[in-house]
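> Here's my sequence, what's the structure:
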Amino acid sequence: MTSRRRRVVVTGLGVATALGLDVEENWQKLLAGTSGIRRLSLPFAAKSAVQGVGEVVEGDWKKIEEEFGRDSSEEGERRTLFGLWAAKQALADAGVLDGQGERDRYGVVLAAGLGINRLEDIERWLDAGRRFSFVKFGRSYTEVHRESIMRNNSHRTSVLIGKVFGLRGTNCTVTSACASATQAIGMGYRAIRRGDADLIAAGGSDSMINPVGLVFFVLLGAASTSSENLPESCRPFDRKRSGLVMGEGAGIVVLEEESHAVKRGARIYGEVAGYGSSLDAYQVTAPDPRGLGAERSMKAAIEDAGIPIDGIDYINAHGTSTKLNDAMETTAIKSVFQDHANRIAISSSKSMIGHLLAASGGPEFVYTVLTVKGDAIHPTINITNRDPKCDLDYVPNEKRKKTVRAALSNSFGFGGQNASIIVKKYCGENSCN
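The predicted structure is shown next:
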């Protein structure tokens, strides 16, 4: 006798990005090809090597601070507040903000990136010879900036979301570079499927738009240092790309066991069909150029979903606008999908919101769900000089209407960590086909 596999559906969506704090606003701007990349607004930004970023605008940040006044006054870390905003939006969308339900079976699986090291803290701990002073550190470590990693461990956001919104079940944090949020959603999906939870808020929240965070990617040679035409500076799959453009924000979804969602009359956006992950085992700061890790990740998700490769109509690409990733991802897609690769529509959300690093898979999964729900595909903007090594259909510059039965979202991170997740149309207890 075989037991019926628990199905997992999506019932709530929440975002905070450079395109706004509302899911529908984000979606309409994406479909219109609106870039959220603008000039860096940090103090002394004119001296920064990085000028273009996908920053949450000041007015939206103030709105978030007002919404979570106490948390904002006590700590004020952007990553934490982005996560609270997106989680509240997703839980409200799912209709579970009322504190009802078996809350011990409601949980959080959230991605979080590196914490912030403030330059003024580091300066305070140096001696006259500009070396680290243990004595100065010991005397002043309690005075660290409220955004410091010493006050905001990586799990702070997931714990706070669980506490504020009464999600008292499973709670964990995933920190696996740019694959983090897709891994978090995949782990949440599997926790529900196993029967460990009935509802999970999953996704990611991150911001490295600070002096130390920005310089990491400049030193690695991965960041765009373009200072002109900033809305056009993120150019995935384009031969004249200038590197990744940093973004910030959050994307969180409510995943729910199907019968639980149906019983309470929840709106269902789509069904999570499969998840896979892998490790390149190649190099810390570069992907395997053969795309073998990405290939294994996508194949694992497809096998988990139990659908044929020609059942995938759309891919939300990792699409970072870096020479190494764009070519590698194209190679991996061709290897997985063979002849069907040329019939799949592929687009990169990063061309408009930038790279949200650990959180990137969060809003990108939200957009993938909306693609499947509405049969509309947002474009990859700024493709004007096609890279001959990237010769698939990247939906250049114009949105497209197309039936999307199932879609795959990719996230690939430093360290060679890869994650892929599939969402398909929800057709009730029966198959759509």
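> Do a quick rundown of the helices in the stretch 301-433 of the chain.
Here the stretch 301-433 of the chain has its helices, by DSSP state H, counting those that start in this stretch, at 323-337, 350-353, 361-374.
> For Y106, find the nearest of those.
With C-beta to C-beta as the measure, helix 361-374 is the member of these nearest Y106 (18.5 Å). Where C-beta positions appear, they are placed from N, C-alpha and C, glycine not excepted.
> what about the closest one, distance to the chain center?
11 Å (C-alpha atoms, centre = their mean, to the nearest Å).
> What residues sit buried inside it?
By 16 or more other C-beta atoms under 10 Å, the buried positions in helix 361-374 come out as 361-373.
> Nearest to A86 among the helices of the stretch 301-433 of the chain would be which one?
When these are compared by C-beta to C-beta, helix 361-374 sits nearest A86, at 7.3 Å.
> Give me the neighbour count for the nearest residue to T157 once chain neighbours are set aside.
Setting aside the residues directly before and after it, T157 is nearest to G83 in space (C-beta to C-beta, 6 or more residues apart in numbering), at 4.0 Å. By other C-beta atoms under 10 Å, 33 other residues sit near G83.
> Can you give me every residue that contacts G83?
Applying C-beta atoms under 8 Å, 6 or more residues apart in numbering to G83 gives the contacts 110, 112, 157-158, 160-161, 205, 250, 252.
> before we move on, what about S133?
Contacts of S133 (C-beta under 8 Å, 6+ apart): 125-127.
> quick one, phi/psi of K29?
Main-chain torsions, K29, degrees, to the nearest 10: phi -70, psi -40.
> so it sits right up against G36, yeah?
Yes - at 7.4 Å, K29 and G36 qualify as touching, with contact defined as C-beta atoms under 8 Å.
> Looking at the two now, which is surrounded by more residues?
For K29 versus G36, neighbours defined as other C-beta under 10 Å are more numerous around G36 (25 against 19).
> quick one: pLDDT of E429?
What the model reports as pLDDT for E429 is 73.
> Tabulate the helices of the stretch 301-433 of the chain (a markdown table), appending distance to I344 and mean pLDDT.
Shown next, in a markdown table, are those (distance: least, C-beta to C-beta, whole Å; pLDDT from 0 to 100):
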| stretch | distance to I344 | mean pLDDT |
| --- | --- | --- |
| helix 323-337 | 6 | 96 |
| helix 350-353 | 18 | 98 |
| helix 361-374 | 12 | 98 |
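> ok, so of the contacts of G83, who is nearest F68?
F68 lies nearest to L160 out of those, by C-beta to C-beta, at 9.2 Å.
> ok, now how distant is that closest one from E429?
With distances taken as C-beta to C-beta, to the nearest Å, L160 is found 37 Å from E429.
> where's L408 relative to A18, distance?
Using C-beta to C-beta, L408 is found at 24 Å from A18.
> Now do the helix or strand containing E256: which elements does it pack against?
For E256, the host element (DSSP states H and E) is strand 248-257. Applying 3 or more C-beta pairs under 8 Å, 6 or more residues apart in numbering; DSSP states H and E, we find strand 248-257 packed against strand 8-16, helix 78-94, helix 180-194, strand 199-207, helix 361-374.
> Deepest in the core, which of these is it.
strand 199-207 (a mean of 32; mean count of other C-beta atoms under 10 Å).
> Mind giving me the packing neighbours of that strand?
Other helices and strands packing on strand 199-207, by 3+ C-beta pairs under 8 Å, 6+ apart, are helix 78-94, strand 106-112, helix 156-165, helix 180-194, strand 248-257, helix 361-374.
> If you count contacts, what does the helix or strand following the third one end up packed against?
In this case it means helix 156-165. Moving toward the C-terminus from helix 156-165, the next helix or strand (DSSP H and E) is strand 171-174. Strand 171-174 is packed against strand 106-112, helix 156-165, helix 180-194, with contacts defined by 3+ C-beta pairs under 8 Å, 6+ apart.
> in the protein, what residue sits furthest out from the centroid?
Distance from the C-alpha centroid of the chain, by C-alpha atoms, centre = their mean, peaks at A128 (42.3 Å).
> Just to confirm, what confidence does the model report for that residue?
The model reports A128 with a pLDDT of 90.
> Please report the distance of it from V135.
From A128 across to V135, the span is 12 Å (C-beta to C-beta).
> In contact with D121, which residues are there?
Neighbouring residues of D121 by C-beta under 8 Å, 6+ apart: 144-145, 148.
> With secondary structure and neighbour count added, can I get the residues you listed in TSV?
TSV is the format used below for these (DSSP: H, G, I helix; E, B strand; the rest coil; neighbours: other C-beta atoms under 10 Å):
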residue	secondary structure	neighbour count
V144	coil	18
H145	coil	17
S148	strand	18
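> Could you point out which of those residues is nearest to F237?
Lowest distance from F237 to the contacts of D121 (C-beta to C-beta) belongs to S148, with 37.7 Å.
> The closest one contacts L114, doesn't it?
No - judged on C-beta under 8 Å, S148 makes no contact with L114 at a distance of 11.9 Å.
> can you list the weak-confidence ranges in the stretch 51-200 of the chain?
Applying pLDDT under 70 to the stretch 51-200 of the chain flags residues 75.
> need the contact list for T34.
Listed by C-beta under 8 Å, 6+ apart, the contact partners of T34 are 19, 352.
> no, scratch that, I was asking about A222
If you count contacts by C-beta under 8 Å, 6+ apart, A222 has them with 243-244, 285, 322.
> before we move on, what about I422?
I422 sits next to 272-275, 301-302, 304-305, 307, 312, 406-409 when contact means C-beta under 8 Å, 6+ apart.
> Over to G195?
Contact analysis of G195 by C-beta under 8 Å, 6+ apart lists R6.
> quick one: it and R4, what's the gap?
Separation of G195 from R4 (C-beta to C-beta): 12 Å.
> what's around N385, how many residues?
The number of residues packed near N385 is 12, by other C-beta under 10 Å.
> Just read off the phi/psi values of it.
phi -130, psi 90.
> ok, back up a step: reformat the contacts of G83 as CSV; add distance to H318.
Listed next are the contacts of G83 as CSV, based on distance: C-beta to C-beta, whole Å:
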residue, distance to H318
L110, 20
A112, 19
T157, 23
S158, 23
L160, 28
I161, 25
S205, 18
A250, 18
I252, 19
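> wait, doesn't M187 sit right on A202?
Yes - taking contacts as C-beta under 8 Å, M187 lies within contact range of A202: 7.5 Å.
> thinking again about what came up before, just so I know, which of the helices and strands packed on strand 171-174 lies nearest E66?
Among the helices and strands packed on strand 171-174, the nearest to E66 by C-beta to C-beta is helix 156-165 (15.5 Å).
> Cool, thanks, talk later.
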